[in-house]
Every structure is written in structure tokens, then in C-alpha cells.
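Pasted the sequence and its predicted model underneath.
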Amino acid sequence: MSRKNQKAPWEEEEEIIWVSKSEMKRDMEALQKMGEELVELKPGALAKIPLDEELLEAVKDAQRFKNEARRRQLQRIGKLMRQVEIEPIQTALDKLNNKHSQTTAQLRKLEQKRDKLIENGDSMINAIMVDHPDADRQHLRQLVRQAKKEKEQNKPAKAYREIFQYLKELYIED
């Protein structure tokens with residue numbers, strides 16, 4: 001008996017990963033969507049994304065095109081993206097998208113701090129002075145008094161907004 005069709009027992013078989021045509025199409029569409037995200041970016045944000053020369057030029061061209069030319073250019077971008085490493089691009093896009101979320105969270109924290117400041121007064125002012133010794137204690141006290149007075153008299157919350165702006169200057173500049 002001959003062993004023509006059988007491999008020798010010491011040879012390892014290569015693992016073949018089969019990818020369906022539908023999965024390949026989904027991957028290509030995902031790359032094209034990422035390309036659309038790149039095209040929607042402003043030039044300053046686009047500069048922060050690590051793109052090679054050809055892909056960067058294709059994105060800049062797509063930003064100028066309209067209608068059918070833009071659609072074809074987006075397909076070209078998707079094709080170019082199949083040849084480059086996607087992880088650094090995806091990471092940079094995620095950072096850009098998350099930056100907005102981080103800013104929103106910071107502003108919510110400042111709103112809570114402002115509310116505590118109006119409720120607690122001097123004790124909260126002292127806590128702020130520990131964090132920011134250069135802050136104007138007298139100005140903060142005055143704004144807190146005005147905000148309480150406005151709230152009691154049902155007047156527009158001018159001092160309330162001013163406290164927020166002052167806290168924003170202190171905390172977001174850091």
C-alpha cells in the first residue's frame with residue numbers, strides 16, 4: 001500500500017480559516033464607513049489621524065467632491081483602507097469621538113460643584129481654595145450670595161451662570 005494522499009505523521013497541518021463572502025462584504029462596508037467618518041472630519045482633526053500619503057489625499061479629495069464622485073471616492077478610500085493597518089486609525093477616531101464625552105462629563109461635574117457651592121457656601125469655597133489657591137475667594141462669596149438672593153426672589157439666574165463660568169475657567173484650564 002502506498003501513502004500518496006496522506007501526510008507524514010510528523011508534518012503539521014496548516015489551519016485554514018474560511019471566510020464567507022458575506023463576512024468579507026461586511027468587513028469592506030465597515031472600512032468604507034470608517035472612511036466616511038474620516039471624510040466628515042475637519043482638517044485640524046484629520047491631521048491628528050495617522051494616515052499614509054495616498055489615503056490622506058483620497059480623503060481630502062472626497063471632502064471636495066459631491067454626489068456620484070463622492071460615492072466613488074468613498075469606495076476608493078475603502079479599498080485603500082484594506083491595505084493599511086486599521087488599529088491606529090480606529091484608536092485615533094475613538095479618541096476624537098470620546099473627547100466630546102469627556103468634556104460633557106467635566107461640565108456636568110462643574111454643574112454639581114456649583115450647586116454644592118450655593119448650598120454649602122463657605123465650606124465649599126474653602127475646598128475650592130485648597131484646589132486653586134489663586135482663586136478669588138471674595139468674588140466667589142459675592143457670587144454665591146447673589147445666586148442665593150436671586151433664587152429667593154425668583155429673579156433670572158445671572159450669578160448662577162457666572163459661578164459656572166468662573167468654575168469652568170478654574171478647572172478646565174488645568
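All right, it came through fine.

next structured bit after the longest helix seen in the chain?
In the chain, assigned by DSSP state H, the helix with the most residues is helix 87-120. Using DSSP states H and E, the next helix or strand after helix 87-120 towards the C-terminus is helix 122-131.

and the helix or strand following that next one, what does it pack onto?
Next in sequence after helix 122-131, counting helices and strands by DSSP H and E, comes helix 137-152. In terms of contacts (3 or more C-beta pairs under 8 Å, 6 or more residues apart in numbering; DSSP states H and E), helix 137-152 is packed against helix 87-120, helix 122-131, helix 158-172. Backbone N, C-alpha and C define where each C-beta goes, glycine included.

For helix 137-152, buried residues please.
Using 16 or more other C-beta atoms under 10 Å as the test for burial, helix 137-152 gives 140, 143-144, 146-147.

still on that earlier bit, with respect to burial, which of the helices and strands packed on helix 137-152 scores highest?
By mean neighbour count, with neighbours taken as mean count of other C-beta atoms under 10 Å, helix 158-172 ranks first of those at a mean of 16.

That one: how far from the chain's middle?
Chain-centre distance of helix 158-172: 24 Å, with C-alpha atoms, centre = their mean, to the nearest Å.

so it versus helix 137-152, what angle?
Interaxial angle, helix 158-172 versus helix 137-152 (axes from the mean of the first three to the mean of the last three C-alpha atoms, to 10 degrees): 140 degrees.

now the angle between helix 122-131 and helix 158-172, please.
Following the same axes, to 10 degrees, one obtains 30 degrees for the angle between helix 158-172 and helix 122-131.
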